[in-house]
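Participant: from the sequence below, what's the structure:
(2 chains)
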Amino acid sequence: MMQKDEIIRKINQLLIAEIEIEETQIHPAADLKKDLGIDSLDFVDLFVIVENNFGFKMKAEEMTEVKTLQDFYDYITHRINPN
Amino acid sequence: MNRVVITGMGIYSVIGKNLTEVKDSLYQGRSGIVFDPVRKEMGFRSALTGYLERPQLKGILDRRMRIGLPVQGEYAYLSTVEALNTAGIDQHYLDAHEVGILFGNDSSAVPVVESVDILRQKKDTMMIGSGYIFQSMNSTVSMNLSVIFRLKGVNFTLSGACASGSHALGIGYLLIRQGLQEMIICGGAQEINAESTASFDALNAFSIRESEPEKASRPFDRDRDGLVPSGGAATLILEDYESALKRGATIYGEIIGYGFSSNGEHISLPNVDGPVRAMQKALKDRDISPESIGYINAHATSTPAGDSNEATAIDQVFGQSKPLVSSTKSMTGHEMWMGGASEVVYSTLMMHHGFIAPNINLENPDEITSKLNLVTRTKLTGFNTFLSNSFGFGGTNSSLIVRKI
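Facilitator: This is a model prediction of the structure:
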């Protein structure tokens, strides 16, 4: 089972490599849309990236509450380790 | 009616990745045709193709701009950057003016194949990602470039088979002539890959002279045995003459005729009457006499029937004046959706540098093609006006006339 710091490290790596987010922009309080510039099309690609790398399908309805990078870390961690 | 001039050109082709390289290749009669072993393994009848490296745009365009671009869009981005540079147009100008875009493109096969492959494997459309839809549509080039260059004018793609690029220039010419646009980025783009040409290979239309790739495309030659598919992109900046004068722009040529027609017959077999009417209409556009045409860049693709019919058509219209004729497809192969635009770039380059590129591999004309005044070796000659032919499936025909001013 992946530990949370490992999950965070992997998410950061994927955001840098796949979505081409600048490393300096990555911090937990960063707003995904306003600070990182992740738009609705990028969310479509995140769906693919998450399934290919973490092995589960993100649900659009669950993503409505995900605003910051910390929210995203928490969401992925919760989906991987529900308990 | 406004006058329409060419104030910028850019090219990314199998005979050169910019205007300088292409001009040298044209002068030297250099072929861009290769044997692609992958096609043979896939089951192609002919593995001959034009070859072009895939551009590397990482670090030049951001991710969102790149992932919507199929390979022909990448070619077109580079040819458009060169065209804008030669026109002296920067982003500030594009932001401040209503500049349009019209491109010829008639397929985007690889993204369609790849996205459906993903769907078949994953059984979930969400696994296709966001880029393929923008790569898959025929309008992919105009769609992407209009966003990349933040264009605000006319914006669509023309699909007219192998005359697509020529019709794009023709429609751009008409819009500027009518005063509806002042400047339009026009061009043609053609993907190079096995996926887009497999079904064409099935028609037995490609040359199978695989032992001599550079000799395979031989328009008008007695021993021609078919075309060689190729591709790339070409861009021309069409501009209202007064606007060009005001900007102090270099004027590469003036479009003075656009003729179009449809054969109204067979879906793939060309005829004589349709091309004759297109050429006559182009001449009539501004009452140009056949004698005024110094050079004809023929559509001739190296197919037995197509070249014969075009030779007959040219002879019917220009039999008295006998202008010099060559097909640059002897070097480039058949650039299909791109060809109508690239061949205007090639011809304009030749007009400016005072030569006509050779119709390479033309060793023995046949009874019909020998009626033409064909250029077999690089000819140093000044000419002031040329006509460029482009024909396509469905019997669509386009003829453009450009003169030096």
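
Participant: ok, now which ones touch the spatially most central residue of chain A?
Facilitator: Centroid-nearest residue in chain A, with CA atoms, centre = their mean: A:F72, separated by 4.6 Å. When the contact criterion is CB atoms under 8 Å, 6 or more residues apart in numbering or on different chains, the partners of A:F72 are A:11, A:32, A:66. Bear in mind the C-beta positions are built from the backbone N, C-alpha and C, glycine included.

Participant: hmm, 10 Å instead?
Facilitator: Counting by CB atoms under 10 Å, 6 or more residues apart in numbering or on different chains, A:F72 touches A:8, A:11, A:15, A:28, A:30, A:32, A:36, A:38, A:46, A:50, A:58, A:63, A:66.

Participant: cool, and A:I26?
Facilitator: A:8, A:11-13, A:15-16, A:35-36, A:69.

Participant: the residue nearest to the centre of chain A belongs to a helix?
Facilitator: Yes: A:F72 sits within a helix when classified using DSSP: H, G, I helix; E, B strand; the rest coil.

Participant: how far away is the residue most central in space within chain B from B:L52?
Facilitator: Nearest to the mean C-alpha position of chain B, by CA atoms, centre = their mean, lies B:G339 at 2.0 Å. Distance of B:G339 to B:L52, computed by CB to CB, to the nearest Å: 14 Å.

Participant: cool, and B:R150?
Facilitator: For B:R150 relative to B:L52 (CB to CB), the value is 27 Å.

Participant: which one's more surrounded, these two?
Facilitator: More neighbours surround B:L52 than the other of B:R150 and B:L52, with 23 against 10 (other CB atoms under 10 Å in any protein chain shown).

Participant: helix/strand/coil for that one?
Facilitator: B:L52 ends up coil, using three-state DSSP.

Participant: phi, psi of it?
Facilitator: When quoted as degrees, to the nearest 10, the phi and psi of B:L52 stand at phi -150, psi 130.

Participant: so it touches B:I33, yeah?
Facilitator: No: counting by CB atoms under 10 Å, B:I33 is not a contact partner of B:L52; they are 11.3 Å apart.

Participant: which pLDDT value belongs to residue 10?
Facilitator: All of this is about chain A. With respect to pLDDT, A:K10 has a value of 97.

Participant: ah, I was thinking of chain B
Facilitator: Looking at B:G10, its pLDDT stands at 98.

Participant: the residue nearest to the centre of chain B and B:V14, how far apart?
Facilitator: 12 Å.

Participant: B:G231 now?
Facilitator: B:G231 is 7 Å from B:V14, by CB to CB.

Participant: what do the two both touch?
Facilitator: With CB under 10 Å, 6+ apart as the test, B:G231 and B:V14 both reach B:49-52, B:192, B:332-333, B:335, B:342.

Participant: neighbour-wise, give me the winner out of those residues.
Facilitator: B:S342 (36 neighbours).

Participant: for that one, pull up the helix or strand it's in.
Facilitator: Secondary-structure element containing B:S342, defined by DSSP states H and E: helix B:339-353.

Participant: which parts of the stretch 1-150 of chain B sit against chain A?
Facilitator: B:58, B:62-64, B:66-68, B:118, B:122, B:124, B:126-131, B:133-134 (CB under 10 Å from any CB of the partner chain).

Participant: just the buried ones from these?
Facilitator: B:64, B:66-68, B:118, B:127-131, B:134 (16 or more other CB atoms under 10 Å in any protein chain shown).

Participant: which of the residues you listed fall in helices?
Facilitator: Members of these lying in helices (criterion: DSSP state H): B:64, B:66-67, B:118, B:134.
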